[in-house]
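Colleague: fold the following.
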Amino acid sequence: MHSSQLRLAVIKGAYIYAGANGVKHRVGPGCFLSTPAGDHHVSSGDPKLGALFYMESNGKFDLVPDKK
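Modeller: Here you go, the predicted structure:
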């Protein structure tokens, strides 16, 4: 998780996002994703296409590992 809200727009490829509930979302070029601060998740780029995206946040960018 991250301690700040994140917003990203995919430019090329695909960004894959799965929240704590396990539901996967595939975000392609021209699409937008917003994640709230404290949202436990797993994310990656498409295994074949990768992911080029622009990301911004309302605070610092950090990574807070899950303690499971």
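
Colleague: quick one: buried residues of stretch 23-33?
Modeller: Residues of stretch 23-33 classed as buried by neighbour count (16 or more other CB atoms under 10 Å): 27, 33. In this view, the C-beta of every residue, glycine as well, is placed from N, C-alpha and C.

Colleague: that stretch spans what distance, first to last residue?
Modeller: End-to-end span of stretch 23-33 (CA to CA, to the nearest Å): 14 Å.

Colleague: so what touches it?
Modeller: 7-19, 46 (CB atoms under 8 Å, 6 or more residues apart in numbering).

Colleague: repeat that for stretch 39-48.
Modeller: 1-2, 13-20, 26, 35, 51, 66.

Colleague: strands of this structure, residue ranges please.
Modeller: 6-13, 15-19, 24-27, 32-35, 41-45, 51-57 (DSSP state E).

Colleague: can I get these in a markdown table with mean pLDDT?
Modeller: Output for these, formatted as a markdown table (pLDDT from 0 to 100):
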| stretch | mean pLDDT |
| --- | --- |
| strand 6-13 | 97 |
| strand 15-19 | 94 |
| strand 24-27 | 94 |
| strand 32-35 | 93 |
| strand 41-45 | 94 |
| strand 51-57 | 96 |
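
Colleague: separate out the buried members of the contacts of stretch 39-48.
Modeller: Buried among the contacts of stretch 39-48 (16+ other CB under 10 Å): 2, 13-17, 35, 51.
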